[in-house]
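In: just a sequence and a predicted model for now, questions to come.
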Amino acid sequence: MPNYWMHRITGGENAAGYAQKILFGLPGNVHFLSIGWSDFSKDSYSKEIQKNGRAAMSQICQFEWKELPRNRFNLSRFVHEMKPGDIVVVPLWKSFTVCEILDDSIYTNETLPDELQSAFSSYGLTYNGQYLYDKQSQYVDLGYYRKVKIIESGIPRDGYAKQNLYSAMKNRCTNAQLYCPIEVEDAIDSYRRKKPIDLKTIITDRLSSELLSLIRENLQDAKFENLVEWYLQRIGAKTQRPAKNSCPTEDGDADIIASFENLNVSILVQVKKHAGQTDEWAVQQICNYSSTHSEDDSISQLWVVSSCDSYSEKAQELAAEKNVRLMDGKEFAALLLEVGIKGLSL
C-alpha cells in the first residue's frame, strides 16, 4: 500500500513561481515536485540522505550549520521516506493537486536532468552547480527535485476536501504524512464526477437508508399506503382513495389520487410494499387505470411508489414508454425527510 503525503511548495517567494512551473508547465507531460535546501543541494548529500534518512540529515545539518533546525526532517521525508507509488497532495491557493512519485531518482542542482536544465534556461535562471539565480541575481531556493505523475489538479479545497484532509493542508510544515487516504481518493472521485461535498445530500443519503429500514420493519401494506397519502397531503395535495372495483379492466388499479388544484394537476399513484425488486405489473396497473379514468380536465401524472430497492428492467422500460414516474424506497424515504415528520401519526 502506498503512503500518502502532504507536500507544500516552498523555497521562498521568488522560488514558488518556478516550483509551480516545473510541476505544471513543462512540455511532454513531464512534472517535477521540488523543495528548497539549496545549501545541501549536492549529489553526495542526496545519496547520504536517501540511504540513512533522518540520521544523515542531522549529521549534515550539524556539519554545515552547526545546529539542528526543527524543520530538518522535511528534506529527509522528501528524499528518503517518499517512495515510488506514494501519493502526494500539494496544497495551492484555495485548491490542491494530487501526484504520484514515479521513481527513486533524486535530483539536485548538481545533477539536474535535461528537462530542468532546459526549463531553467528558458526562465532566465542561471546556476553555478549548486545555487540558482534569477535575472536580477536574486537567489532562488530550489535544491531537490523528484519526478511525479499528476493524478488530478485544481481540486477546490472548500468543495471537495473533508475535515481531516482540509486540516492537514493547513499544516504549515513543508511536508507531513497523511493518515486520511480515503478522503484523498474520495476528493479525486467526487471532483471527477462534479459532485462537491453537500451536507444535505450526505445526511439525506445516510438517513434515508435508515428510514427505509424502519418503514419496512414496522408498516404493513395498508399503513404504507397511508404513509404515501400523508406525504402527498403534506406537499399540498387533496387526496382520495378510489374503490378497488372502480376499474372495468381486471388489472387496472390506482391506490391514491392526489389533486393539486392550483396547478391543475392530478397524480394517479400505485403503491407497493415490496422489498427487493418491483416488476412491470405495478406499471401496467396504473397505466390501465389511467386509460379508463379521467380526472376532470386536470393534467394527470402517473406514479408508482414502492418500498423496493429497485425496479426490474421491464418495469423501467414500460415506465419510460408510458411516462410513468418510478419511485423506489430510498427515494421516497428521502422525500419524507425533506418534508419532515411533524404531524405523522401512523
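Out: Arrived safely.
In: C-alpha only now, for contacts and for neighbours.
Out: OK.
In: quick one: the helices in this protein?
Out: Assigned by DSSP state H, the chain shows helices spanning 13-24, 43-65, 73-76, 114-122, 157-160, 163-168, 181-192, 199-218, 221-234, 281-292, 313-322, 329-339.
In: tilt between the last one and helix 199-218?
Out: Right, the one you point to is helix 329-339. On the basis of axes from the mean of the first three to the mean of the last three Cα atoms, to 10 degrees, helix 329-339 is oriented at 120 degrees to helix 199-218.
In: got the contact list for helix 329-339?
Out: 204-205, 207-209, 211-212, 231, 234-235, 305-310 (Cα atoms under 8 Å, 6 or more residues apart in numbering).
In: over to the longest one?
Out: Under the criterion Cα under 8 Å, 6+ apart, residues 40, 67-69, 72-73, 75-77, 79-81, 106-108, 110-111 lie in contact with helix 43-65.
In: give me the buried entries from these.
Out: Buried by 16 or more other Cα atoms under 10 Å: 40, 68, 73, 75-77, 79-81, 106-108, 110-111, out of the contacts of helix 43-65.
In: for I151, find the nearest of the helices of the chain.
Out: Comparison of the helices of the chain against I151 by Cα to Cα identifies helix 181-192 as nearest, at 8.5 Å.
In: which parts of the closest one are buried?
Out: Buried residues in helix 181-192 (16+ other Cα under 10 Å): P181, E183, V184, A187, I188, S190, Y191.
In: any chance of the residues you listed in a markdown table, with pLDDT and distance to N3 too?
Out: Listed next are the buried residues of helix 181-192 as a markdown table, based on pLDDT from 0 to 100; distance: Cα to Cα, whole Å:
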| residue | pLDDT | distance to N3 |
| --- | --- | --- |
| P181 | 97 | 8 |
| E183 | 97 | 13 |
| V184 | 98 | 12 |
| A187 | 97 | 17 |
| I188 | 97 | 16 |
| S190 | 95 | 21 |
| Y191 | 96 | 21 |
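In: which of those residues lies closest to E261?
Out: For these, the residue nearest E261 by Cα to Cα is S190; the value is 40.9 Å.
In: got the contact list for the residue lying closest to that closest one once chain neighbours are set aside?
Out: Among residues not flanking S190 along the chain, P196 sits closest, at 6.1 Å (Cα to Cα, 6 or more residues apart in numbering). P196 sits next to G159, Y160, S190 when contact means Cα under 8 Å, 6+ apart.
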